[in-house]
Every structure is written in structure tokens, then in C-alpha cells.
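Asks: Got a sequence here, can you model it:
(chains A and B)
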Protein chains: 2
Amino acid sequence: MKRLSVAQYTEGILANQRTTLARAITLIESDLASDRALAEEVLEACLPHSGNSRRIGVAGPPGAGKSTFLDAIGMHLIEEQDENLAVLSIDPSSPISGGSILGDKTRMERLAAEPRAFLRPSPSRGHLGGVARRTREAILLLEAAGYRNVFIETVGVGQSEVTLRSMTDFFLLLLIPGAGDELQGMKRGILEMTDLVAVNKADGDNRARAEQARQAYAFGLHLFRPAQDGWQPRTIACSALSGENIGSIWQIIREHEAQQTASGAKAERRRQQSLDWMRSQLQDQLESEFRRHPAVAAALPSLEREVREGHVSPSAAARRLLALFHRNPT
Amino acid sequence: MKRLSVAQYTEGILANQRTTLARAITLIESDLASDRALAEEVLEACLPHSGNSRRIGVAGPPGAGKSTFLDAIGMHLIEEQDENLAVLSIDPSSPISGGSILGDKTRMERLAAEPRAFLRPSPSRGHLGGVARRTREAILLLEAAGYRNVFIETVGVGQSEVTLRSMTDFFLLLLIPGAGDELQGMKRGILEMTDLVAVNKADGDNRARAEQARQAYAFGLHLFRPAQDGWQPRTIACSALSGENIGSIWQIIREHEAQQTASGAKAERRRQQSLDWMRSQLQDQLESEFRRHPAVAAALPSLEREVREGHVSPSAAARRLLALFHRNPT
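Replies: Purely as a prediction, here's the structure:
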């Protein structure tokens, strides 16, 4: 990868030059130490220009129609609301490694041709912590480039939706009727994070079933998901295909924003997210140093086995590993 | 506290001498370094004799009738099933510090008088991690003393129920009808951990309302809680006061055990719990060393403030703190 200077990256991003923005995102996705140092400088320079977007998480199982939905709501924003937007797609479970941009772009046909939309699939390589870091940093760059709405999309079947909730202002769960009554394979706890359940594909013969599904989710939310920060989660049936209720979903997102801004909950959540993010990076780093320590690395597999088999207590094993870590400093 | 030798503790525990068992639990509750070393030795000696109980978590909001329920199911075990049992109560949110044994014993009147039951409130001092460690270790001692059923009770309104789930085989959520349709102030995600929702106080005028509440929870569970490890969570209405369905709850616990034992899920869960526990202790310890480091401790408050206010990026702050940690080793 040919690198630019910090000033070139920063000026290009602030001027919303798409090529520079794309290259900067590629830079922050790199794990090379020299790239990291440069990336940190670019991020620091962009930081004062960030924070001004709506950060909207969209999770849903494969087949729920996330791409069609994002295409529809994105076009609604551009054509009806005079807005611009970026879409980041996270798929940590995908076996495909990086660079399937074409595949993602064609999934959102109309948006892909729009100058006021910026689409970016996340590279799927790397563990979830890495994906989380790259996504957070990409949001900052997109905001510095002037995108007022950043959608982050994930199949919520792993831990990715927890990650997503920790970096967004609004969390939308997209489901479909008729895929069984259950949460369609979504991970535990996803409902706890949801601000809006949208039942997609409410079109043609599916309308009645979508409305039934919506009512069931509404009942479940009422039962199991008390209001948080003064927001009681909503439900809606919609059709990304026909466009039905896509505008209403946008109104709900705006209503949530107005309420959370007025109460101070939005600002407080973002402050807390920043702190949490710092702490999670510290924790990852400390643990990684610990695991890389030669004496620890040598002893860990057999101790883990003995703990699993019940021959050594977890406490005793932890104590031994810590002793190894401290006795032979690297 | 007068201490015994490792052999005295161990022999007393294995012979189920109640006084020695109680003193050993007090020993593991101590944070004194000398007590810890002794406690670790006692635990290591008891480890081969542990693991043979049903570990049953019981969570529920204040007023759900947990004590009456435990009294009822405990007496059922003793009188009808020829079993013995121990009850550990965790209440990390309680302001009362240690030693309120009398208060707890009188909450379970019949059990308190039973030689085949052992009741122990957890000391509420200390952070949750400390409570978790003490509870896990107390389970081991109780098992070594021959208790075949260990109930661990918590008000599930903090993080205590997550802790509880991580050390039990079966998780029972006790609720009551008529306290609103919602989860009665329980923390997010509690339903995801539940193997059985029991709606208590289904007696007298309350019977119909308890059954209605049970049906609502059944519907919600069906919708939002897919089977895990082959177990679809159940619901039941019961009365700890009249004894109705207390025997049926025990049958459900046994059915779960039979199924999870046959599938291997129980053994695998316990192995994974041991590993998770070792890792969580390592993580706690590493983080605590980091935070106690003088340079880190000095810089942390102002950096946290700057991160919250958006003046420094979380990544940059993490990097600076790690540099301080490594530059000036203690």
C-alpha cells in the first residue's frame, strides 16, 4: 500500500475526497506497526472533526433483507431528507478475507451509484476485537469527512451485535415474518439492545403475517424489555421492496435522537462508550502481553487442560501463571 | 479468627463437621494474604472430593418469596427425596456487612432446624468479583462435605445473576404475578440464562393471575429464548406457601439434569466454567496490577476525563497508559 503523509490523509478526508477516505480506512485496517503509528496520527488529527453523525446499528439474520433495507432508507435520506450517509458492513464470521467490495456494493444497487453515499465493507479477517477497533476508527474518519449518518450493518449471529451496540446511538433489529416464531438464530441478549424491531418484507401475501409477527414482538418487548434511558423500544412492519414505512422508520430514529439529546442520554452514552473503549483496549493489550510471555505461553496449554479436567483448581492455576509472569520478566 | 491446620480443616470438612465447615468458609472469605495461602491449600485438598452436587441458582426480585421457596423445596428434598442440601445466599448489593446469619436462618425457618441442611449467607462486603470467588470456593467446600444439592440464591437486580449462571448447572427465576407485566426490575438478559421460570404465590385469590403470568412468560420465552444445549426453558406456577408444584419443580430440575448429563452438556459446561473462572481471575489480577502502578494511577483520572470529553481518543489514551506502565516497572 502506498502511503500518504498525515497532512495529505487529513486534508483529503476533511475535503471528503472519496479516494483518500477509502485509503485512510485501508490504513486503519492495517495491523503493521508502522501503519498503526501513522493511523493514530491521522485519527488524532480527525478527532476534533468527528462525533457529528447519527450512528445507527442495523442487525439482522441472513435473509432478513438488510442490504435492500439500507438501500431503501439510504435513498430516502438522500432524496427526501437532503441527507448523506455512509454504510459500514461488519461480518466477522465471513470466511472471505478482505476486499469483497464489489460484492457489497452490488448488494445496495442504488446507493452504490450515489455520490452522497459511501459504502464500505469491513475486512472480515482478524478477531472481533480487531474488527471493533477498525469499525470505531472508520466511524471517526467518516464523520470527519462530513457524513451525517453512519449506518453499521451486521448479521447479528455472533458477538458482533454487542460490539455494534457499544458504538452506536440507535440499534435497529431487522427481522422477517415466517422464519419461525423465535428470534431467527439471533444471539442471546440482542433484544435487550434493541431500540426498534422492524419486521421487513411486509408486502404482497406477507403483509398479514408481518403484522402478526410485529404484534408478537411488541408483546415480547413489553414483557421483557423495560425502557432504557427513557426510551421504550418500538416495533414496525415495513417493506424495503415497496418502500412502505421506510420513512416512518426514519421518523422513529429522529424521535429517538430528539428525546435522547434533550435528556442528555445521547451525550452521556457516547462519553461512556469512549471510556469503555479505552478500557477494553487496555484489557486486550494487557492480556495479549501476558499470553505472549514465554513462560506463560509454555505453561498455559497444560494448565488449561488440567483445569478443564478438574485436576487443578482455577484459582491455583491463575496463581501459578501469574507467578511465572512475574518471576521472569521479558 | 483462630485458624486450624490444613489437615484439621480438610478432615473436618470431609467428615461434614458443621463447625469446621463454617470456619473453613469464613477462612476462604478472608482477604488476608496469610488466610488466602491457607485457604488455597484447603481448597486444593478438597478439590478431589468436589463436583458431585447439583448446583442450582435461584434468582428473583425482593418480595418474590425466595426464602419461603427455598424452605419449601429444601424440606421436600429432605422429607420426600431423601436428599441433603446447602443454601448459599449472595447479596452483593446489601449494605449489611457480613455475619447476619441469624437474619438469614430465620428466613428459612424449617430448614434452619434441619441437620441435613446447611445455610450460609454470603458476606456482602467486597466487590462482585470477590463475592464470586468466595461463592465458587464455598461450593467446593460444601461438595467436599457431602452436600448433594447446593442452592445459590440471589436477588437478580445487579450483575449477581450473571455470576450465578456462571457457576451453576440449573438456573431458576422466581417471579410473582401482579407486579407489573415487566420483568419486575430484573437486569437485562436474565431471561437468556433461565432454565425455568416459576411464578410463585399461586395460592388463594392469586391462582388465576399466577397462571396468566405464567402463560405470558411462556409465550415470551418461546419467542425470545431458543433452546440451549437441547433444553427449552419451562414455566410453572407454584406456591411455596401451600407447597403446590414444589415437587414438580424438583422433577423438572431432575429432568434437566438427566438430559444434560446424557448429552454431555453438563460436564462440558462445568469444564468451560472452570476455564472461564481461571481466565477471569487472571484478567482481574492483571488489571488490578496495572491500576496500582504508580505512574498509571497518577495519569489515569485526568486521561479518563479527557477521553470522556473527547479531547483524547480512547486508542491514544490506552497507548499512553501502556507506555507509562512499561516505562517505569515497579
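Asks: Is A:Glu153 located within a strand, as I assumed?
Replies: Yes: with DSSP: H, G, I helix; E, B strand; the rest coil as the criterion, A:Glu153 is assigned to a strand.
Asks: Pull up the gap between it and chain B, please.
Replies: As for A:Glu153, its distance to chain B is 22 Å (criterion: C-beta to the nearest C-beta, to the nearest Å). In short, each C-beta sits where N, CA and C put it, glycine included.
Asks: try A:Leu43
Replies: Plainly put, A:Leu43 is 6 Å away from chain B if you go by C-beta to the nearest C-beta.
Asks: How about A:Arg271?
Replies: Spatial separation of A:Arg271 from chain B under the definition C-beta to the nearest C-beta is 4 Å.
Asks: Make sure that residue is actually in contact with B:Glu306.
Replies: No: between A:Arg271 and B:Glu306 there is no contact under C-beta atoms under 8 Å: 11.1 Å.
Asks: domain ranges for chain A?
Replies: According to automatic domain parsing, chain A comprises the domains A:1-49, A:51-262, A:277-327.
Asks: Comparing those, which comes out most buried?
Replies: Mean neighbour count (mean count of other C-beta atoms under 10 Å in any protein chain shown) peaks for domain A:51-262 among the domains of chain A, with a mean of 19.
Asks: next one: it to chain centre, how far?
Replies: Centre-to-centre, domain A:51-262 and its host chain are 9 Å apart (C-alpha atoms, centre = their mean, to the nearest Å).
Asks: Would you format the domains of chain A as CSV with mean pLDDT included?
Replies: Shown next, in CSV, are the domains of chain A (pLDDT from 0 to 100):
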stretch, mean pLDDT
domain A:1-49, 92
domain A:51-262, 84
domain A:277-327, 91
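Asks: the helices in chain A, which residues?
Replies: Per DSSP state H, chain A carries helices over the ranges A:6-14, A:18-29, A:33-46, A:66-80, A:101-107, A:109-112, A:128-144, A:160-165, A:207-224, A:246-263, A:265-292, A:294-308, A:314-327.
Asks: Tell me the residues of the stretch 201-330 of chain A that contact chain B?
Replies: Applying C-beta under 8 Å from any C-beta of the partner chain, one finds that the stretch 201-330 of chain A approaches chain B through A:216-217, A:219-220, A:222-226, A:271-272, A:274-275, A:277-278, A:281-283, A:285-287, A:290, A:303-304, A:307-310, A:312-319, A:321-322, A:329.
Asks: circling back to that earlier point, kindly present the domains of chain A as TSV, with separate columns for distance to B:His256.
Replies: Formatted as TSV, the domains of chain A follow (distance: least, C-beta to C-beta, whole Å):
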stretch	distance to B:His256
domain A:1-49	45
domain A:51-262	18
domain A:277-327	22
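Asks: just so I know, which of those domains lies nearest B:Phe171?
Replies: Taking C-beta to C-beta as the criterion, B:Phe171 comes closest to domain A:51-262 out of those, the separation being 12.8 Å.
Asks: contact partners of stretch A:318-330?
Replies: Outside of stretch A:318-330, the residues that reach it under the criterion C-beta atoms under 8 Å, 6 or more residues apart in numbering or on different chains are A:290, A:293-296, A:299-300, A:303, B:40, B:278, B:281-282, B:285-286, B:329.
Asks: How far does that stretch sit from its chain's centre?
Replies: Worked out by C-alpha atoms, centre = their mean, stretch A:318-330 lies 36 Å from the chain centre.
Asks: what residue is smack in the middle of chain A?
Replies: A:Leu164 (3.2 Å; C-alpha atoms, centre = their mean).
Asks: Now it. Nearest residue, chain neighbours left out?
Replies: Across the structure, with C-beta to C-beta, 6 or more residues apart in numbering or on different chains as the measure, the residue nearest A:Leu164 apart from its sequence neighbours is A:Gly57 (4.2 Å).
Asks: what residues are up against that neighbour?
Replies: Applying C-beta under 8 Å, 6+ apart, one finds that A:Gly57 lies in contact with A:151-154, A:161, A:164-165, A:167-168, A:170-172.
Asks: List just the nearest of these to A:Leu196.
Replies: Using C-beta to C-beta, A:Leu172 is the member of the contacts of A:Gly57 that lies nearest A:Leu196, at 4.9 Å.
Asks: Distance check, that closest one against chain B.
Replies: Distance check for A:Leu172 against chain B: by C-beta to the nearest C-beta, it reads 17 Å.
Asks: of all the helices of chain A, which lies closest to B:Val197?
Replies: Relative to B:Val197, the nearest member of these by C-beta to C-beta is helix A:207-224, separated by 11.0 Å.
Asks: could you dump the closest one to CSV, C-alpha only?
Replies: Listed next in CSV are the C-alpha coordinates belonging to helix A:207-224 (Å, rounded to 0.1, in the frame of the first residue of the first chain):
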residue,chain,number,x,y,z
ARG,A,207,-48.5,-8.3,4.9
ALA,A,208,-50.7,-10.1,7.4
ARG,A,209,-48.0,-12.4,8.7
ALA,A,210,-45.6,-9.4,9.1
GLU,A,211,-48.2,-7.6,11.2
GLN,A,212,-48.8,-10.7,13.3
ALA,A,213,-45.1,-11.1,13.8
ARG,A,214,-44.8,-7.4,14.7
GLN,A,215,-47.5,-7.8,17.4
ALA,A,216,-45.8,-10.8,18.9
TYR,A,217,-42.5,-8.9,19.1
ALA,A,218,-44.3,-5.9,20.6
PHE,A,219,-45.8,-8.1,23.3
GLY,A,220,-42.4,-9.7,24.0
LEU,A,221,-40.7,-6.4,24.2
HIS,A,222,-43.3,-5.1,26.6
LEU,A,223,-42.8,-8.1,28.8
PHE,A,224,-39.0,-8.4,28.7
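Asks: Give me the contacts around it.
Replies: Around helix A:207-224, the neighbours that count as contacts under C-beta under 8 Å, 6+ apart are A:175-178, A:181, A:191, A:194, A:197, A:199-202, A:233, A:235-237, B:181-183, B:191, B:216-217, B:219-220, B:223-224.
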